[in-house]
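[1] pasting the structure only:
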């Protein structure tokens, strides 16, 4: 995919290369976390992580995956704005586009994604794909509001949802189900043959997708590369500065305060140990701030690595499903040869093996992903279903 010196972010096929590179990077981090879940689940990781029982190598491996959900949701909102405002063309409502794709993601969560984990879990976990689908449905409605109101609502949710933490419901109270969907992890269906548990309460993520939609104009065709880079850099550093103040003085944005530990490493781990389910304000400041700075970097970086990441990021849903089933197949092969060496499961003895498989996985999948990316971009006008991937 070629770039120009005037705007290295704009690529062929009307795609923005820096956004696809960003998606590609977080897909690699996502692969790392899914390899961990497939082969290292016998070493559990809590939320937030217990720094005294989680080895640093596992802590930081898990931490890389923190970037995935916030940036996927943020970029989904940003991409919806770009869809609604195509270059040199009139505005088109994104509502139908968002609604159909949101429903498709929810369908995938309950079918293809569930089947991947069904051999390991007896429960349906409503996870990130489900959450993104619901966020898209919400944005399909809320994008009809005034653009500025959409942004204000997004920031209110992102900044203020931690104030809702004291609110809770017991399973026998009328508000339990809706609050489980919106804010507190819990079982929607606790009894029966297939329990259903909400892993990603969706309210904070709705705030993130609205903020992403609000940020869309930074990628409008008329904005200069220098202006966009300045905005991304300023916004990313502002997130970091806000985080340092809020977290540094234990003011707001995280349920548990940090404290000085017995070593510098443990203190650092404690300081950055944020809640993901639901994502705290500090969690979002850290991850989205990092994502904005990386987007700024990717505006002008063009090398073999970013080209490879661009391929993965241009077909994210295809890669998501492909790598899940590839890991399932690999697990089956290893289980046949080695059996249940970790309790009732097969698992790796070391986190080093998790990293090794993660390093190998993109290499193995690159050719089929590249083929599908080319096929999608050639045929999507004639086969609209390809745009869902």
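    Done, it's in. Bear in mind that the values here come from a model prediction, so they are computed numbers and not experimental data.

[2] What mean pLDDT does the strand or helix carrying residue 209 get?
    Secondary structure from DSSP states H and E places residue 209 in helix 203-214. Averaged across helix 203-214, pLDDT comes to 98.

[3] buried set for that helix?
    Within helix 203-214, the residues that count as buried by 16 or more other C-beta atoms under 10 Å are 203, 204, 205, 206, 207, 208, 209, 210, 211, 212, 213, 214. Any C-beta I mention is one placed from the backbone N, CA and C, and that applies to glycine too.

[4] measure the residue nearest in space to the middle of the chain to residue 158 for me?
    Taking C-alpha atoms, centre = their mean, the centroid of the chain lies closest to residue 69, which sits 1.7 Å from it. Residue 69 sits 14 Å away from residue 158, going by C-beta to C-beta, to the nearest Å.

[5] quick one, strands of the stretch 51-200 of the chain?
    Using DSSP state E, counting those that start in this stretch, the strands of the stretch 51-200 of the chain run over residues 124-126, 186-189, 196-198.

[6] does the closest residue in space to residue 87 that isn't next to it in sequence count as helix, strand or coil?
    In space, and not counting its chain neighbours, residue 87 is closest to residue 221: 3.9 Å by C-beta to C-beta, 6 or more residues apart in numbering. Under DSSP: H, G, I helix; E, B strand; the rest coil, the three-state class of residue 221 is coil.

[7] cool, and residue 227?
    Classification of residue 227 using three-state DSSP returns helix.

[8] how about the helices in the stretch 151-300 of the chain?
    For the stretch 151-300 of the chain, the helices defined by DSSP state H, counting those that start in this stretch occupy 176-182, 203-214, 225-248, 264-271, 281-298.

[9] which ones are touching the nearest residue to residue 109 once chain neighbours are set aside?
    Spatially, and ignoring its direct neighbours in sequence, residue 109 is nearest to residue 130 (4.0 Å; C-beta to C-beta, 6+ apart). Shown in contact with residue 130 (C-beta atoms under 8 Å, 6 or more residues apart in numbering): 105, 106, 109, 110, 200.

[10] picking that back up, would you agree the residue nearest to residue 87 is in contact with residue 16?
    No - contact criterion C-beta atoms under 8 Å: residue 221 and residue 16 do not qualify, at 10.4 Å.

[11] More neighbours: those two, which one.
    Each of residue 221 and residue 16 has its neighbours counted (other C-beta atoms under 10 Å); residue 16 has more, 21 against 13.

[12] Wait, that one touches residue 219, no?
    Yes - with contact defined as C-beta under 8 Å, residue 16 reaches residue 219; the gap is 6.0 Å.

[13] how about low-confidence regions in this protein?
    Residue ranges of the chain with pLDDT under 70: 1-14, 119-121.

[14] what phi and what psi does the backbone show at the residue of it most remote from its centre?
    Distance from the C-alpha centroid of the chain, by C-alpha atoms, centre = their mean, peaks at residue 337 (33.7 Å). The phi/psi pair for residue 337 (degrees, to the nearest 10) reads phi -80, psi -40.

[15] Would you check how far apart the residue nearest to residue 232 when sequence neighbours are not counted and residue 16 are?
    Once flanking residues are discounted, residue 232 sits nearest to residue 296: 3.8 Å by C-beta to C-beta, 6+ apart. Distance, residue 296 to residue 16, by C-beta to C-beta: 13 Å.

[16] Backbone torsions only: list them for residue 342.
    Here is the backbone geometry of residue 342 (degrees, to the nearest 10): phi -130, psi 80.

[17] Could you give the number of residues near it?
    Neighbour tally, residue 342, other C-beta under 10 Å: 16.

[18] dump the residue contacts of it.
    For residue 342, the contacting residues are residue 42, by C-beta under 8 Å, 6+ apart.

[19] Check residue 142 too.
    So residue 142 contacts 150, 153, 206, 210 (C-beta under 8 Å, 6+ apart).

[20] if you set the cut-off to 6 Å instead, what comes out?
    By C-beta atoms under 6 Å, 6 or more residues apart in numbering, the residues touching residue 142 are residue 150.

[21] now the one 3 residues further on
    Residues in contact with residue 145, defined by C-beta under 6 Å, 6+ apart, are absent; none qualify.

[22] what do you get for residue 340?
    By C-beta under 6 Å, 6+ apart, the contact set of residue 340 is residue 346.

[23] and it, which of the three is it?
    State at residue 340, reduced to three classes by three-state DSSP: coil.

[24] quick one on the thing from earlier: any idea how far residue 126 is from the residue nearest to the centre of the chain?
    Taken as C-beta to C-beta, the span from residue 69 to residue 126 is 13 Å.

[25] Residue 179 too?
    14 Å.

[26] for the helix holding residue 209, packing partners?
    helix 68-84, helix 128-142, helix 147-160 (3 or more C-beta pairs under 6 Å, 6 or more residues apart in numbering; DSSP states H and E).
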